[in-house]
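Enquirer: sequence first, then the predicted structure, then my questions.
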Amino acid sequence: MWATQVPVIRFIGDRLGPITVAFIPMIASTLIFLPFLWAENKRRKVKFRWRWSELKYFMLSGLIGIFVMQYAYTLGSKLTIAANAGIITLTIPVFVAVLASFMLKEKLNIIRLISFVLAIGGVLMTSVSDISGANIFQGEYFIGNMVFLFACFCCAFYNTYCKLLVDKKFTELEILVYSSIIGSIASIPLLIWVEPFHSEEFIHSGTIAVTGILELSVFVYGVPALLFFYVLKRLDITQAILGTYLLPFFIALMGIFLLNEKISFLMIIGGAIIFISTLMVTVYENDLVVFAKKFAIKNHKT
């Protein structure tokens with residue numbers, strides 16, 4: 001479901017502004033799932049968490065993981081192609097592995113550092129359309145790729161931080177709704193003064209735009225997040241994030257068939273590098289750490 005976000009954003013991007021596309025689905029999603037939280041609280045016989053001692057835990061997830069991430073994700077999706085965006089999502093597990101070293105007190109080893117460097121290198125390669133005389137930092141999609149990369153970093157922070165919230169025994173609906181409420185409140189000034197939202201103009205923007213916003217509200221901002229938080233209760237963050245391996249395939253596939261986009265040879269190479277860096281910190285990290293230690297000991301003896 002997350003894979004639909006980039007194609008849908010690009011599909012409706014010429015009909016609605018980036019602030020509207022980023023935040024109206026978030027506000028709608030909050031209103032849709034708020035009654036479900038009310039029902040859950042009633043069943044559990046608990047009250048809404050309106051006290052600062054409890055709400056403070058959702059400030060970072062709401063501001064960085066919802067507000068900043070969704071705007072950067074939307075803006076980046078409009079400035080690059082779906083294939084690039086799909087490839088760059090592979091950096092999320094790498095960012096998670098690095099952030100987990102600081103936020104979850106996991107050990108930061110040389111393998112995670114190398115994978116981080118490789119991932120960034122792979123992203124830069126996707127910015128170049130032609131290797132002959134190419135300037136990475138002036139590539140056609142460089143700005144969009146960098147904005148989308150920042151969004152992936154925010155996503156990794158959000159996923160890692162939500163693991164902390166899960167460990168504090170907050171429910172999936174609590175994490176989703178309270179974080180979304182914080183993000184929604186932060187977006188209101190932008191929808192009033194920066195890109196004023198008018199309901200009549202939105203309704204007359206067309207069936208495609210309205211349907212796209214509803215799809216983002218339910219099948220991107222809502223249901224997948226609940227499923228992910230459910231998985232977080234049962235797996236480590238680096239294991240739970242493995243599902244992002246499938247995102248590039250589905251995002252690129254929809255970009256090709258729905259948006260008539262093309263994939264260059266350098267995009268494939270860059271994606272392969274990012275994929276290798278992701279495997280290094282998820283599937284083969286322990287084996288590589290053991291190999292690195294043996295190699296270091298062998299060199300020390302000689």
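Expert: Right, received. Where do you want to start?

Enquirer: low-confidence ranges, the stretch 151-300 of the chain, go.
Expert: 235-253, 256, 258-259, 282 (pLDDT under 70).

Enquirer: the helices in it, which residues?
Expert: 172-189, 199-203, 207-219, 223-232, 237-240, 247-259, 265-282, 285-301 (DSSP state H, counting those that start in this stretch).

Enquirer: what is the fourth one packed up against?
Expert: Translated: helix 223-232. helix 142-167, helix 172-189, helix 237-240 (3 or more CB pairs under 8 Å, 6 or more residues apart in numbering; DSSP states H and E). Bear in mind the C-beta positions are built from the backbone N, C-alpha and C, glycine included.

Enquirer: TSV for those, including mean neighbour count and distance to M26?
Expert: Conversion of those to TSV gives the following (neighbours: other CB atoms under 10 Å; distance: least, CB to CB, whole Å):
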stretch	mean neighbour count	distance to M26
helix 142-167	22	13
helix 172-189	22	6
helix 237-240	20	22
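
Enquirer: ok, which of the ones you listed comes nearest V46?
Expert: The minimum distance between V46 and these falls on helix 172-189, with 9.4 Å, by CB to CB.

Enquirer: for the closest one, output the C-alpha coordinates as PDB.
Expert: Taking C-alpha atoms only, helix 172-189 is exported to PDB below (Å, rounded to 0.1, in the frame of the first residue of the first chain):
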ATOM      1  CA  GLU A 172      -1.000   1.100  17.300                       C
ATOM      2  CA  LEU A 173      -4.000   3.500  17.200                       C
ATOM      3  CA  GLU A 174      -2.600   5.700  19.800                       C
ATOM      4  CA  ILE A 175       0.700   6.100  18.000                       C
ATOM      5  CA  LEU A 176      -1.000   6.800  14.700                       C
ATOM      6  CA  VAL A 177      -3.700   9.200  15.900                       C
ATOM      7  CA  TYR A 178      -1.800  11.200  18.400                       C
ATOM      8  CA  SER A 179       1.200  11.600  16.100                       C
ATOM      9  CA  SER A 180      -1.200  12.600  13.300                       C
ATOM     10  CA  ILE A 181      -3.000  15.100  15.500                       C
ATOM     11  CA  ILE A 182       0.400  16.900  16.200                       C
ATOM     12  CA  GLY A 183       1.300  16.800  12.500                       C
ATOM     13  CA  SER A 184      -2.200  18.100  11.500                       C
ATOM     14  CA  ILE A 185      -2.000  21.000  14.000                       C
ATOM     15  CA  ALA A 186       1.400  22.000  12.600                       C
ATOM     16  CA  SER A 187       0.100  22.000   9.100                       C
ATOM     17  CA  ILE A 188      -2.800  24.300   9.700                       C
ATOM     18  CA  PRO A 189      -0.800  27.600   9.300                       C
END
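
Enquirer: tilt between that helix and helix 142-167?
Expert: Between the axes of helix 172-189 and helix 142-167, defined by axes from the mean of the first three to the mean of the last three CA atoms, to 10 degrees, the angle is 140 degrees.

Enquirer: who's in contact with helix 172-189?
Expert: If you take CB atoms under 8 Å, 6 or more residues apart in numbering as the criterion, helix 172-189 is touched by 19, 22-23, 26-27, 29-30, 33-34, 36-37, 40, 49, 55, 58-59, 61-63, 65-67, 70, 162, 165-166, 221-222, 225-226, 229-230, 233.
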